[in-house]
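**Q** structure for the following, please:
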Amino acid sequence: MDKRTMPKIGEKVSRLGMGLMRLPSNDQGIDYPAAEAMIGRLMEAGVTYYDTAWFYHNGKSEDFARRALIERFPRDRFTIATKMPLGEVEKNGGAQATFDTQQKNLGVETIDFYLMHGINGGSIDHMAQLGADEVVRKMKKDGRIRYNGFSWHGATGDLPKVLDGFDWDFCMIQLSYYDWIALDGKELYEAVTSRGIPLVVMEPVRGGGLARCHPDVAGVFEDADPSVSVASWALRWCGSLPGVDVVLSGMSDMSQVNENIDLFSPLKPLADAERAVIDRAMVAFKELPLVPCTECNYCDKCPKSIPIPRLFGGKNDVVRFGSSWYLMNYKSWTKPESQITACTECGVCEGVCPQGINIIERLKQLDAELE
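**A** The predicted structure is shown next:
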């Protein structure tokens, strides 16, 4: 298993990390026998970085980490990461009480990597208002935290403010070849690495989206090398970046575990010819039959507050990545008076759309597909 010493903090970690958020499940929740077997295989292979959080698996992931990892293996063979849920701190009696609960859940004297969960542009101020920054400083001083960091879920332009607003030991961002080329991944990566901050990457396969991408995209990879999975290209791409210390993979079954172990034992960086394959795949992405919506939000003037950009973005995610999560659930957090059926065909949205999209007709088609 490839390992690397993280800059700034000097901690040696496996290049492959295990994310405990997509464990195999059954009617009772986490399928403990199957998930514990996965942990055993990863430990056998030399994986040292394990990431959990307060929210994962309906609040059971930290308990799983204790039972499947911490109580089964010598403490010096792995590191554990978890995250402070800033949005839940006040409900739980404050930042110190929240941390104490997490430490108890994990059953450890020291949490190796402790992150502020889901940081964005306003979170530095929120962190201070909650006193979470002082708790982290005190817990580090007392030896109950080794390294403090954050996971990023904000706008690209806000990241420098956050990086410079606290003494971070490391951080975690979402990154994949798709994010790098089509979105803002390159800017996020350079903002972190230019400051010498150790970097953990989450969602290298975009929650499985780059494994189940549109057949036109998958075919590019399959034509190049039919002997490997489509997902393996995404994992190797992330691991090939010189500033990425840990590639976090949310493995869900033993076949994924074994494939990922093979990919990182040792990691074979992408060659130039392989990077050209990814470039061709991105061309295929751009040629897909998508709604030409840039999510500019001009149409947020809709009198019914229908979430038009998010609906079209969800539709495009189905085409690109086979991901229907948003569309299948949008009614659960959208008021009935703001759902597609509330459209009066007033035309306000089409009058301001810079892409000239036939929004009314597209919404009708989408509603019919959902039904």
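
**Q** my read: Thr156 touches Leu188, true?
**A** Yes. Using Cβ atoms under 8 Å, Thr156 makes contact with Leu188 at a distance of 6.0 Å. Backbone N, C-alpha and C define where each C-beta goes, glycine included.

**Q** correct me if wrong: Leu86 contacts Ser123.
**A** Yes. Counting by Cβ under 8 Å, Leu86 touches Ser123, with 6.5 Å between them.

**Q** give me the common contacts of those two.
**A** Met116 (Cβ atoms under 8 Å, 6 or more residues apart in numbering).

**Q** which of the two has more residues huddled nearby?
**A** Ser123 (23 against 20; other Cβ atoms under 10 Å).

**Q** in terms of helices and strands, where is Gly101?
**A** Quick fix: residue 101 is Thr, not Gly. Per DSSP states H and E, Thr101 falls inside helix 95-106.

**Q** then Arg236?
**A** Using DSSP H and E, Arg236 falls within helix 230-240.

**Q** quick one: average confidence on that helix?
**A** Helix 230-240 shows a mean pLDDT of 97.

**Q** ok, now stretch 293-310?
**A** According to the model, stretch 293-310 has a mean pLDDT of 90.

**Q** same deal with stretch 213-225?
**A** Here the average pLDDT along stretch 213-225 is 96.

**Q** buried stuff in that stretch?
**A** Cys213, His214, Val217, Ala218, Val220, Phe221, Ala224 (16 or more other Cβ atoms under 10 Å).

**Q** which is the next helix or strand following the helix holding Arg236?
**A** strand 246-249.

**Q** which pLDDT value goes with Glu203?
**A** 94.

**Q** Ile70 against Val108, yeah?
**A** Yes. Counting by Cβ under 8 Å, Ile70 does reach Val108; the two are 6.0 Å apart.

**Q** now do the shared contacts for those two.
**A** With Cβ under 8 Å, 6+ apart as the test, Ile70 and Val108 both reach Ile80.

**Q** just the CA coordinates of the helix holding Thr101, formatted as CSV?
**A** Output in CSV follows, covering the C-alpha atoms of helix 95-106 (Å, rounded to 0.1, in the frame of the first residue of the first chain):
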residue,chain,number,x,y,z
ALA,A,95,-19.1,22.6,21.0
GLN,A,96,-17.4,20.9,24.0
ALA,A,97,-20.3,18.6,24.8
THR,A,98,-20.5,17.7,21.1
PHE,A,99,-16.8,16.8,21.0
ASP,A,100,-17.0,14.8,24.2
THR,A,101,-19.9,12.8,22.8
GLN,A,102,-18.0,12.0,19.6
GLN,A,103,-14.9,11.0,21.6
LYS,A,104,-17.1,8.7,23.6
ASN,A,105,-18.8,7.3,20.5
LEU,A,106,-15.4,6.4,19.1
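
**Q** for the helix or strand of the chain with the lowest mean pLDDT, which positions count as buried?
**A** The weakest-scoring helix or strand in the chain, judged by mean pLDDT, DSSP states H and E, is helix 325-329 (a mean of 83). Using 16+ other Cβ under 10 Å as the test for burial, helix 325-329 gives Tyr326, Leu327.
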